[in-house]
Structure formats: C-alpha cells, structure tokens
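Peer 1: I'll drop the sequence and a predicted model, then ask my questions.
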Amino acid sequence: MAQLYFYYSAMNAGKSTALLQSSYNYHERGMRTLIYTAKIDNRFHVAKVSSRIGISSSAILFHIKTKFFQDINTATEHETVHCILVDESQFLTRRQVQDLSEVVDILNIPVLCYGLRTDFRGELFSGSQYLLAWSDKLIELKTICYCGRKAGMVLRVDSLGKPVILGDQIQIGGNEKYMSVCRKHYFEALQIASI
Ligand SMILES: [Zn+2]
C-alpha cells in the first residue's frame, strides 16, 4: 500500500538533496516520478528543484489553487506515475494535504513531502501542521546548530546578523537570512533581540 511521508527539518538540512536522490532511485528502476515545488516568488524563472550540492531537476510549480488530485489523476491516464515528490511542502494548504492523502489512498501512489516544520517565529507552517497530523511516516532530516546540538529551529536574522522576531511568515526580497539553530540558542537569541 502506498503511504504519505513527511520529511521535515529546519533550513539547510539537505531536503532538496534527499528529494532528488529519492527521485533518482525511482528513475534508476525505470519508474516515473512527478516533482512539485512551490511558486513563492519570481526569483526562479525555471521551475526546478535545486540542491546546494549542485544537482537539480525540473519540477511543476504549485500555488494555493493547485488541485493535486485532479492533476495527478489526469497525468496517470497516459502513463503510470510511481511516486509524487513535493518540495517546499510547508506551503501546502490544508485542502492540498488532504488532496495528496487521496492520491495515496485512492490512486495508490506514494507521496513524499519535504518541508520546514516551523517558521522563524517557532510556529508551524500550514502545510507542516497537516502533514504532521496526517502522514503515515514522519522522518526528521537533521542539521546541527553552531554549538553542535541538533538544530530544529529557524532564526531570521537581519543584514547585521540581529535576530528578527516579528514580520510576515514569508519574507520576499528582503535582506534577511535564516539560520538553523538548536532550541536553546533559538530562545536565547529571541530574548536578546527583545531587550
Ligand atoms: Zn545551539
């Protein structure tokens, strides 16, 4: 039976690399995959999933109106699809996570979602909330804080490296950067920023 998987982590834990490796494993066995990634802004002209270690693959862009079940059902009418891979899955809506669950349960195609668990405020993203709630398998991809502990939190820092506490969940075109840190250093940074 197919299953719904959620591979979650903080930033820079190698989510895209893991996604591309999984897709490659299917292709190696002569199987077909569909890769989706979020249309967040216009930074990328070409729809693709890129890994920091230099590999990439073309992808289908999804946005809040994308109807996954319908699209995938149509795609499978012509050719068998063996696996669906979704990058940036934290941006899925509740309805889209339900849609992807139906791809698993009705079309019997495994769906592998990769995304951030929480935003820089420590709040769950909508996609992550429902993926954590409904997935068959939860797999944490780990990265480390500068102190050596597991980094599960994402800190937004401004151009001077100062932590940012407030702001929109998605910051487009700002000078801010993100750092993955452990919980201890996340809360310490927030405390320093609020003084
Ligand atoms: Zn730390």
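Peer 2: Ah, there it is.
Peer 1: Neighbours of residue 86, how many?
Peer 2: Applying other C-beta atoms under 10 Å, we find 31 other residues in the vicinity of residue 86. (C-beta placed from N, C-alpha, C; glycine too.)
Peer 1: Which of the three states applies to the residue nearest the centre of the chain?
Peer 2: With distances taken as C-alpha atoms, centre = their mean, the residue of the chain nearest its centroid is residue 115 (2.0 Å). Secondary structure state of residue 115, per DSSP: H, G, I helix; E, B strand; the rest coil, is strand.
Peer 1: Ramachandran coordinates for the closest residue to residue 100 other than its chain neighbours?
Peer 2: Among residues not flanking residue 100 along the chain, residue 111 sits closest, at 4.8 Å (C-beta to C-beta, 6 or more residues apart in numbering). With angles defined as degrees, to the nearest 10, residue 111 sits at phi -120, psi 120.
Peer 1: what does the chain have sitting close to the ion?
Peer 2: Contact residues (C-beta under 5 Å from the ion) of the chain with the ion: 145, 147, 149, 182, 185.
Peer 1: Okay, and which of those map to strands?
Peer 2: When DSSP state E is applied, the residues of the chain next to the ion are split such that none fall in strands.
Peer 1: shouldn't residue 182 be in contact with residue 155?
Peer 2: No. Taking C-beta atoms under 8 Å as the definition, residue 182 is not a contact partner of residue 155, at 10.3 Å.
Peer 1: quick one: which of those two has more around it?
Peer 2: residue 155 (23 against 19).
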